[in-house]
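**Q** turn this into a model:
(chains A and B)
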Amino acid sequence: EDKVVQSPLSLVVHEGDTVTLNCSYEVTNFRSLLWYKQEKKAPTFLFMLTSSGIEKKSGRLSSILDKKELSSILNITATQTGDSAIYLCAPWSSGGSNYKLTFGKGTLLTVNP
Amino acid sequence: GAVVSQHPSRVICKSGTSVKIECRSLDFQATTMFWYRQFPKKSLMLMATSNEGSKATYEQGVEKDKFLINHASLTLSTLTVTSAHPEDSSFYICSAGTAIGGYTFGSGTRLTVV
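**A** Numbers count the residues shown, from 1 in each chain, chains lettered A, B, ... in the order given. Okay, the predicted model is just below:
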């Protein structure tokens, strides 16, 4: 059975802090890992990671995949109150007739002023 | 706990036919279920919000007569794509839960219309 574990489940920090969110997964036919930010309606796509060890960056956010350890981290530096959201990771698996996105429970990040 | 099962995981159908996708909460009761569609570049678009026992609330631009949503019980919501066209081919994902307990995603359904 495919499994995704995100940690911590929730995190409260002050503006300016740096946070690291963790995602570990066990899925068959792994293709890529996706990170999303969910505030209100639909999760907003952040990153897609396919190769190990290659950091992807977007502003203050960065993420890296470790396929040996079956894990990924999402870093946010100099956090702002607008970063408060649920961060979801989702390994994407695809093989034969299988095409699946398995979401973790998410990390609830609260950034206080 | 909090497992959401989505079925089927993949379906291929002919143009003009209808397809039903089920979203079930296996070990909890979900007062609210959301239906999303994934676009290229992996973005997710919320299509509609369904609350048990009432009509679904559709997002702007989503045709309610084309994407029929039924949330007949606290553990089951269905999305029926009616008169499917190739442009409806996509990956559809549901999430289910409650405002207090949080929401859990299904694993998605890949629809291909030929």
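**Q** quick check: residues of chain B near chain A?
**A** For chain B, the contact set with chain A under Cβ under 8 Å from any Cβ of the partner chain comprises B:2, B:9-10, B:36, B:38, B:41-46, B:59, B:91, B:93, B:95, B:102, B:104-105, B:107-108, B:110. Glycine gets a C-beta too; all of them are placed from N, C-alpha and C.
**Q** please indicate which of the residues you listed are buried?
**A** Among those, those buried by neighbour count (16 or more other Cβ atoms under 10 Å in any protein chain shown) are B:9, B:36, B:38, B:42, B:44, B:46, B:91, B:93, B:95, B:104-105, B:107-108, B:110.
**Q** and the end-to-end length of stretch B:57-75?
**A** Terminal residues of stretch B:57-75 are spaced 18 Å apart (Cα to Cα, to the nearest Å).
**Q** what's the first helix or strand after the least confident helix or strand in chain B by mean pLDDT?
**A** Lowest by mean pLDDT, DSSP states H and E among the helices and strands of chain B is strand B:102-105, with a mean of 81. Next in sequence after strand B:102-105, counting helices and strands by DSSP states H and E, comes strand B:109-113.
**Q** farthest pair within the buried ones among the residues of chain B next to chain A?
**A** Using Cβ to Cβ, the pair of those lying farthest apart is B:9 and B:46, separated by 20.9 Å.
**Q** any regions of chain B where pLDDT drops low?
**A** Within chain B, the stretches with pLDDT under 70 are B:1, B:41, B:99.
**Q** ok, and the closest non-adjacent residue to residue A:64?
**A** Closest residue to residue A:64 apart from its sequence neighbours, by Cβ to Cβ, 6 or more residues apart in numbering or on different chains: residue A:55 at 4.7 Å.
**Q** and for that neighbour, the neighbour number?
**A** By other Cβ atoms under 10 Å in any protein chain shown, 12 other residues sit near residue A:55.
**Q** my guess is it contacts residue A:61, does it?
**A** No. Using Cβ atoms under 8 Å, residue A:55 makes no contact with residue A:61, being 10.7 Å away.
**Q** for the buried ones among the residues of chain B next to chain A, which one is nearest residue A:7?
**A** residue B:104 (16.7 Å).
**Q** list the contacts of the closest one.
**A** Residue B:104 is in contact with A:103, A:105, B:2-4, B:25, B:95-97, counting by Cβ atoms under 8 Å, 6 or more residues apart in numbering or on different chains.
**Q** between those residues, which has the most around it?
**A** Among the contacts of residue B:104, residue B:96 has the most neighbours (other Cβ under 10 Å), with 31 neighbours.
**Q** OK, contacts around the residue lying closest to it once chain neighbours are set aside?
**A** Spatial nearest neighbour of residue B:96, excluding adjacent residues (Cβ to Cβ, 6+ apart): residue B:30 at 3.6 Å. Taking Cβ under 8 Å, 6+ apart as the criterion, residue B:30 is in contact with B:4, B:52, B:74-75, B:77, B:96-98.
**Q** that'll do, ta.
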